[in-house]
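[1] The sequence and its predicted three-dimensional model are supplied below.
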Amino acid sequence: KINTMAQEMRKKVIFVTVGTTRFDLLIDNVTKPAALEWMASNGYTNLVIQYGRGNKPTLPQNSPIICQMYDFKDNLDQDMKEAALILSHAGAGTVMEGLKKKKRLVVVINTNLMNNHQEELANAMSSRGFLFVVSEPKDLLNEEVWNDFDSFIPIPHEDGDPYDFARLLDNHMGIREEKLKIK
């Protein structure tokens, strides 16, 4: 039991989530041998993958880190809490959950989406320093990108203004505040 507690204390987790969507390019690129080697060489011990509607990932036989994967759970709260780093699609719900938990959040843009509102949201939040954006999944094949987001230190997102996120989203969708009567 003591040995298990020591392992838990040394555990460093990357949590990858695609929410309710399908984003196989993200999942495929984080499970490539080079990505797993980078994780292990940078002190990460565990990779937890929520792959949503996509294909169940296949991992190399001799993965250097412990991997756990599932399609859906009722609640991702525990996985987010345990994560030292969250890699995610740019869904508004997932982004806000990661920010509320004050986690290092890396958002990967799903370039296969049409009228990509997720990209606008991610770039707006990135410009404020809240998260790191990876422009397209293939960028995860570049070790320098991993080094860049691993060293990223986010500005904590404060929960004080309940309309801040809505204002940001409305602004990017071209909705004016006067129409909404939000202060």
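    Received the coordinates, thanks. Numbers count the residues shown, from 1 in each chain.
[2] Give me the contacts around stretch 135-152.
    Stretch 135-152 is contacted from outside by 23, 25-26, 28-30, 32, 34-35, 38, 42, 85, 104, 106, 108-111, 132, 134, using Cβ atoms under 8 Å, 6 or more residues apart in numbering. Every C-beta, even on glycine, is put in place using the N, C-alpha and C of the backbone.
[3] and that stretch, which residues are buried?
    For stretch 135-152, a neighbour-count test (16 or more other Cβ atoms under 10 Å) marks 137, 139-140, 145-146, 149-150 as buried.
[4] For ChimeraX, what selects the buried ones among the contacts of stretch 135-152?
    Buried members of the contacts of stretch 135-152, defined by 16+ other Cβ under 10 Å, are picked up in ChimeraX with:
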select :23,25,26,28,29,30,35,38,85,104,106,108,109,110,132,134
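[5] Could you tell me which of the contacts of stretch 135-152 belong to helices?
    The helices, defined by DSSP state H, take in 25-26, 28-30, 34-35, 38 from these.
[6] Quickly name whichever of the residues you listed is closest to L169.
    Using Cβ to Cβ, L26 is the member of the ones in helices among the contacts of stretch 135-152 that lies nearest L169, at 22.1 Å.
[7] And for G52, nearest residue in space, chain neighbours not counted?
    Spatially, and ignoring its direct neighbours in sequence, G52 is nearest to V18 (4.2 Å; Cβ to Cβ, 6 or more residues apart in numbering).
[8] Repeat that for T58.
    T31 (7.3 Å).
[9] can you check Q68 too?
    Closest to Q68 by Cβ to Cβ, 6+ apart is V48, at 4.9 Å.
[10] I'd assumed that neighbour was in a helix, is it?
    No - using DSSP: H, G, I helix; E, B strand; the rest coil, the secondary structure at V48 is strand, not a helix.
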